[in-house]
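Trainee: Got a predicted structure here, sequence first:
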Amino acid sequence: MTTPAPRFFACLPMYDLPELRQATDAWWRGLAGHLTAVGLRDVPETLTRPEGEATPLLAEPRLVIGQTCGYPLTHGLAGSVAYLGTPRYRAPGCAGSDYRSFVVLRAEDPAGTPADLHGRRAAINSWDSQSGMNALRALVAPHARAGRFFAQVLTSGSHRGSLALIREGRADLAAIDCVTLELLRRVDPGAIEGLEARFETPAAPALPYITRHGVEPGLLAALRAGLTAALADRALTEVRAELLLDGMDFDRAPDYAVINDMERSAELLGYLALA
């Protein structure tokens with residue numbers, strides 16, 4: 001017998017490392033309890049995890065709460081989801097609810113400036129990543145020549161995969177989300193062994209929490225009230241600390257325009273795509 005799909009679902013895939021799934025699940029259970037307490041019905045008991053790319057799942061109208069990268073928010077998911085809030089993370093590279101990427105190289109790499117990376121092999125997690133692709137493009141665009149900067153761009157599927165490509169010698173560098181980098185330092189230091197965070201990319205608002213498009217104002221307010229209560233719940237202090245989650249701002253939707261600004265600035269320099 002086929003199990004019917006849940007009426008609604010929640011999906012928090014962005015920092016859902018295997019080593020942190022118990023913490024992510026605990027965060028959702030606590031948050032779901034607070035959402036129920038503020039009067040929401042049909043709150044999912046467990047998280048839905050995508051089998052592949054998260055973006056198509058997050059675009060579904062059954063979404064209660066999700067988290068996405070900023071680049072899909074302004075591109076692939078534009079018009080399909082509604083902004084809920086911008087998390088604050090306690091990690092090097094974060095400032096309030098802004099975050100950035102670090103360009104990671106092998107420790108022995110002699111590059112002293114971003115311009116020195118010309119002609120190297122870059123690894124990116126995906127082509128619709130703010131931290132792995134768009135921020136890196138913004139950093140190197142002033143140094144591109146005839147629309148090119150790198151000798152090769154490899155797609156790894158994840159920040160962790162990009163780091164593995166560098167360690168294996170198949171790539172020379174990658175721009176890694178500063179929150180992911182700090183989480184890996186804690187749960188899998190071997191992932192960054194022999195590597196060094198050398199340069200910083202421009203900052204952008206952190207990976208947003210979202211809900212389905214067209215959500216009515218009353219429900220949006222209830223979702224934010226539940227999030228606020230969960231973020232203040234002392235019983236969830238250790239879980240939030242494990243996930244580096246330090247709060248949330250709810251008024252930053254316009255600030256994600258900086259992602260489009262980075263893209264346009266690179267294009268004005270003739271650097272239309274990371275290459």
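Mentor: Looks like it arrived, so ask away.
Trainee: so what are the domain limits for this protein?
Mentor: With domains defined by automatic domain parsing, the chain comprises 9-91+205-255, 98-204+260-268.
Trainee: Put together a markdown table for those, with mean neighbour count, distance to residue 275 and mean pLDDT on each row.
Mentor: All C-beta spots, glycine's among them, are computed from the backbone N, C-alpha and C. Converted to a markdown table, these look like this (neighbours: other CB atoms under 10 Å; distance: least, CB to CB, whole Å; pLDDT from 0 to 100):
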| stretch | mean neighbour count | distance to residue 275 | mean pLDDT |
| --- | --- | --- | --- |
| domain 9-91+205-255 | 18 | 17 | 97 |
| domain 98-204+260-268 | 19 | 5 | 98 |
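Trainee: can the ones you listed go into a markdown table with extra columns for distance to residue 274?
Mentor: Shown next, in a markdown table, are those (distance: least, CB to CB, whole Å):
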| stretch | distance to residue 274 |
| --- | --- |
| domain 9-91+205-255 | 12 |
| domain 98-204+260-268 | 5 |
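Trainee: Surely residue 160 is in a strand?
Mentor: No: assignment of residue 160 by DSSP: H, G, I helix; E, B strand; the rest coil gives helix, placing it outside any strand.
Trainee: That one - nearest residue in space that isn't next to it in sequence?
Mentor: Closest residue to residue 160 apart from its sequence neighbours, by CB to CB, 6 or more residues apart in numbering: residue 191 at 5.8 Å.
Trainee: Report whether residue 142 is found in a strand, as I expect.
Mentor: No: in this structure, residue 142 is helix, not part of a strand, as judged by three-state DSSP.
Trainee: Can you tell me how far it is from residue 131?
Mentor: Distance from residue 142 to residue 131, counting by CB to CB, to the nearest Å: 19 Å.
Trainee: And the strands in the stretch 1-150 of the chain?
Mentor: 9-11, 63-67, 81-89, 98-99, 101-106, 121-124 (DSSP state E, counting those that start in this stretch).
Trainee: now those strands in CSV, with distance to residue 266?
Mentor: Shown next, in CSV, are the strands of the stretch 1-150 of the chain (distance: least, CB to CB, whole Å):
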stretch, distance to residue 266
strand 9-11, 30
strand 63-67, 26
strand 81-89, 23
strand 98-99, 19
strand 101-106, 15
strand 121-124, 14
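Trainee: Could you point out which of the ones you listed sits nearest residue 239?
Mentor: Closest of those to residue 239 is strand 81-89, at 13.7 Å (criterion: CB to CB).
Trainee: and that closest one, which strands flank it?
Mentor: strand 209-212 (antiparallel), strand 245-249 (antiparallel) (DSSP bridges).
Trainee: Distance from the chain centre to the last one, please.
Mentor: Centre-to-centre, strand 245-249 and its host chain are 14 Å apart (CA atoms, centre = their mean, to the nearest Å).
Trainee: Quick check: closest non-adjacent residue to residue 262.
Mentor: residue 138 (4.0 Å).
Trainee: if I look at the one you found, how far off is residue 204?
Mentor: According to CB to CB, residue 138 and residue 204 sit 9 Å apart.
Trainee: Please enumerate the shared neighbours of these two.
Mentor: Listed as contacting both residue 138 and residue 204 by CB atoms under 8 Å, 6 or more residues apart in numbering are residue 262.
Trainee: Assign the residue nearest to residue 74 when sequence neighbours are not counted to one of the three secondary structure states.
Mentor: Nearest residue to residue 74 in three dimensions, chain neighbours excluded: residue 259, at 4.9 Å (CB to CB, 6+ apart). What three-state DSSP gives for residue 259 is helix.
Trainee: State whether residue 259 and residue 137 are indeed in contact, as I suppose.
Mentor: No: the pair residue 259 / residue 137 is not scored as a contact, 11.1 Å apart, by CB atoms under 8 Å.
Trainee: Quick check: neighbours shared by the two?
Mentor: Counting by CB under 8 Å, 6+ apart, residue 259 and residue 137 have no contacts in common.
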